[in-house]
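Novice: generate coordinates for the sequence data below:
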Amino acid sequence: MLNNYVKKVFLCNAQKSAKLYLTDQPVAGWRTEYSSHISNFTESGDASIFQSGSGSTGSRKRKLPQEEEDTRKRKRTSTPNPSEEGVVVNSRKRKASEEQVRPSKKRRQEEASWQEFETKYCQQHPLGEGGFGSVYAGFRRADLFPVAIKHISRENVISKGVSVNGKVLPAEVAFMLRIRDAEGSVSLLDFYDLDQELILVLERLDPCADLLDYITDRGGFLQEEDAKIILKQVVKAARELQTKRIFHRDIKIENILIGTGTAVPQAKLIDFGLSCITTKKSTYSTFYGTSAHIPPEWYQSCKYSAGPTTVWQLGVVLFEMLHGGIFETTSYMDNKINIREKLSESSKDILRLCLHPDPHQRPSLKQLRFHPWLQ
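Specialist: Numbering: from 1, shown residues only. Below you'll find the predicted structure:
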């Protein structure tokens, strides 16, 4: 069966020029190609927001060693531009020394933003890193409120949206502002759009771990009752995004944060760097996300849509919670990995529904919330 899938995807790519942009496998030339796949969303009184992509972020999280922390600090140098080296004004070249005496407005704003960030927040130890950049623990100086500080290198801040008041914003910022009242997603508290990087200041559950570490710390898989508590929250979070017409595109255990400071674990979605605005009729031929989790329909037709793909990804999350290890679509479709027989019939049923090879046979997010196993 795998050979059939491989043949189909090669044929499909040749005929339709479909593309993949994977969070675990950077593709050469992705920046140029991405521009041809941007679509707009316009709503009365709201922003016109473009589809978003980002640089590759490892399919499995890589911790940033403590000894690298000092070397990961923000570089203060900036890329030279004409105004710094000399510009032509009325056919006369202005010397760079004048710019040193009288810094450009952009540079003054840059320095002011950086000083504001350092005044408001204290950055501490690293939490992890990926192709997008690095994430650090920190706190707000005014009240010691715990935060996560995400540094995204400029080359990975691809598309931009336009806010209601006309201010140009990075797409990830625009999406997070759009869902700022969604309980199931981590909140954006502040952001700094600098010349070399984008800094996001995010809500941080304290203590917390991503779902991958949470599973690992509990022996490699979860009991059904524990998995049910988490999946129920993640399904609700995905439904919240759907009502706001946002397609996350990369829901996986690494992108689910688990707060462990309460009696009941609290789950929140993170990382909206690949998100886009969607509609019920939207279909996609370019896949953005994790290669191991590509839905079967993409292999069959080089097309996929938001709702069924999100349900498929939720099935992958549940499978990895209950089985441990790494789920791979092609292995599952070739029956090389199977649902454990010892699981309850209800849990096996929800897994089979979410991981159905036919996207039309999967439940909607609304239907999934009312599955007997989640009640």
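Novice: and the closest residue to residue 185 other than its chain neighbours, how many neighbours does it have?
Specialist: Distances taken as Cβ to Cβ, 6 or more residues apart in numbering place residue 269 nearest to residue 185, at 4.6 Å, with adjacent residues excluded. (C-beta placed from N, C-alpha, C; glycine too.) Residue 269 has 23 neighbours, counted by other Cβ atoms under 10 Å.
Novice: from residue 169, how far off is residue 269?
Specialist: Relative to residue 169, residue 269 is positioned 20 Å away (Cβ to Cβ, to the nearest Å).
Novice: what do you get for residue 224?
Specialist: 42 Å.
Novice: again with residue 187
Specialist: On the measure of Cβ to Cβ, residue 187 and residue 169 end up 16 Å apart.
Novice: now swap in residue 277 and tell me
Specialist: Taking Cβ to Cβ as the measure, residue 277 falls 14 Å from residue 169.
Novice: which of these two has more neighbours?
Specialist: residue 277 (26 against 19).
Novice: beta partners of that one?
Specialist: Bridge pairing for residue 277 (DSSP bridges) gives the partners residue 246.
Novice: make residue 1 into 13 and carry on from there
Specialist: Done: numbering now begins at 13, and the last item shifts to residue 289.
Novice: distance of it from residue 124?
Specialist: Distance from residue 289 to residue 124, by Cβ to Cβ: 32 Å.
Novice: same thing with residue 368?
Specialist: For residue 368, the distance to residue 124 equals 54 Å [Cβ to Cβ].
Novice: low-confidence regions, the stretch 63-212 of the chain specifically.
Specialist: Low-confidence regions of the stretch 63-212 of the chain, defined by pLDDT under 70, span residues 63-115, 143, 170-177.
Novice: show me where it has strands.
Specialist: Secondary structure of the stretch 63-212 of the chain (DSSP state E, counting those that start in this stretch): strands located at 100-101, 104-105, 133-142, 145-152, 157-165, 172-174, 180-182, 200-205, 209-215.
Novice: dump those into a markdown table; add distance to residue 276 as well.
Specialist: Below are these laid out as a markdown table (distance: least, Cβ to Cβ, whole Å):
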| stretch | distance to residue 276 |
| --- | --- |
| strand 100-101 | 65 |
| strand 104-105 | 67 |
| strand 133-142 | 23 |
| strand 145-152 | 23 |
| strand 157-165 | 19 |
| strand 172-174 | 35 |
| strand 180-182 | 34 |
| strand 200-205 | 24 |
| strand 209-215 | 18 |
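Novice: out of the ones you listed, which comes closest to residue 266?
Specialist: strand 133-142 (8.8 Å; Cβ to Cβ).
Novice: thought residue 154 was touching residue 134?
Specialist: No - using Cβ atoms under 8 Å, residue 154 is not in contact with residue 134; the gap is 10.7 Å.
Novice: now residue 343. Nearest residue, chain neighbours left out?
Specialist: residue 349 (4.9 Å).
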